[in-house]
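A.B. asks: pasting the sequence and the predicted model now:
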Amino acid sequence: GAGVSQSPRYKVAKRGQDVALRCDPISGHVSLFWYQQALGQGPEFLTYFQNEAQLDKSGLPSDRFFAERPEGSVSTLKIQRTQQEDSAVYLCASSLGTTPHTGELFFGEGSRLTVL
Amino acid sequence: GENVEQHPSTLSVQEGDSAVIKCTYSDSASNYFPWYKQELGKGPQLIIDIRSNVGEKKDQRIAVTLNKTAKHFSLHITETQPEDSAVYFCADVRWHAGNMLTFGGGTRLMVKP
């Protein structure tokens, strides 16, 4: 596809369940980012990949959050033992350059996670 | 936490009027300031950006101004149209602190026809 694709668009999980969110970046984009957006707030940085290397994971809120991009294209954000405070929209973004933010960041439509 | 403060949180204007959204940042090392527009149910989309060596940039009805001394930058939308209604986010990037985008809290702009 032409843009960043995320799936699922909506996910409802019971507290304690594990979830996996998928991101297909724009083909050829080297940089990939995950952001968390709580209702009514701005996106907050979670983690950054350059190709398959996870160069920054300083924004991951706890060790229940894990992200990977094993072949330098598709990325998965996994949340273990979900809690209600994990409810948010998870946004994936990609950019062409190897240096973060020297170019436009293209966002997907997000995966909305609701933890009951 | 936020290093970028954005005001106002909501803004309602009449179609054809101008809208101004202001952001302040705290780190003097910040040197890139993009603005993103987010429509309901969609991801943010870049609409304009400015780098620290420029004071103003314009693209048709939108413009951004940067005051490095005061550490603030503003988005100006002229001749607003109903399709400008959305949430707007400012952001900054500090090249020597992880290079990550740090977003403001957002401004919900409503343009009344």
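C.D. replies: Structure received. Numbers count the residues shown, from 1 in each chain, chains lettered A, B, ... in the order given.

A.B. asks: quick one: B:Ser74 and chain A, what's the gap?
C.D. replies: Separation of B:Ser74 from chain A (Cβ to the nearest Cβ, to the nearest Å): 17 Å. Backbone N, C-alpha and C define where each C-beta goes, glycine included.

A.B. asks: which sections of chain A are below the confidence cut-off?
C.D. replies: The model of chain A has pLDDT under 70 over residues A:1, A:99-103.

A.B. asks: again, 80 this time
C.D. replies: A:1, A:98-103 (pLDDT under 80).

A.B. asks: likewise chain B?
C.D. replies: In chain B, residues with pLDDT under 80: B:1-3, B:94-100.

A.B. asks: strands of chain B, start to end?
C.D. replies: B:4-7, B:10-14, B:19-25, B:30-38, B:45-51, B:56-59, B:62-67, B:72-77, B:86-94, B:101-103, B:107-112 (DSSP state E).

A.B. asks: mean neighbour count added to those strands, as CSV?
C.D. replies: Shown next, in CSV, are the strands of chain B (neighbours: other Cβ atoms under 10 Å in any protein chain shown):
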stretch, mean neighbour count
strand B:4-7, 18
strand B:10-14, 13
strand B:19-25, 20
strand B:30-38, 22
strand B:45-51, 17
strand B:56-59, 12
strand B:62-67, 18
strand B:72-77, 22
strand B:86-94, 24
strand B:101-103, 25
strand B:107-112, 17
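
A.B. asks: now render the ones you listed as a markdown table, adding distance to A:Gly110.
C.D. replies: Shown next, in a markdown table, are the strands of chain B (distance: least, Cβ to Cβ, whole Å):
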| stretch | distance to A:Gly110 |
| --- | --- |
| strand B:4-7 | 20 |
| strand B:10-14 | 22 |
| strand B:19-25 | 22 |
| strand B:30-38 | 10 |
| strand B:45-51 | 12 |
| strand B:56-59 | 26 |
| strand B:62-67 | 24 |
| strand B:72-77 | 22 |
| strand B:86-94 | 13 |
| strand B:101-103 | 14 |
| strand B:107-112 | 17 |
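
A.B. asks: chain A contacts on chain B?
C.D. replies: Contacts of chain B with chain A, taken as Cβ under 8 Å from any Cβ of the partner chain, map to B:2, B:6, B:32, B:34, B:36, B:41-46, B:89, B:91, B:93, B:98-106.

A.B. asks: switch to 6 Å and redo it
C.D. replies: Within chain B, the residues that sit near chain A (Cβ under 6 Å from any Cβ of the partner chain) are B:42-44, B:46, B:89, B:93, B:98-100, B:103-106.

A.B. asks: between which two of those residues is the distance greatest?
C.D. replies: B:Lys42 and B:Gly98 (26.2 Å; Cβ to Cβ).

A.B. asks: okay, those two: which has more neighbours?
C.D. replies: Neighbour comparison, B:Lys42 and B:Gly98: the larger count goes to B:Gly98, with 16 against 13 (by other Cβ atoms under 10 Å in any protein chain shown).

A.B. asks: surely A:Leu46 is in a helix?
C.D. replies: No - A:Leu46: not assigned to a helix; according to DSSP: H, G, I helix; E, B strand; the rest coil it is strand.

A.B. asks: can you report how many residues lie near A:Ala53?
C.D. replies: A total of 10 residues lie near A:Ala53 under the criterion other Cβ under 10 Å.

A.B. asks: please consider this matter closed, and thank you.
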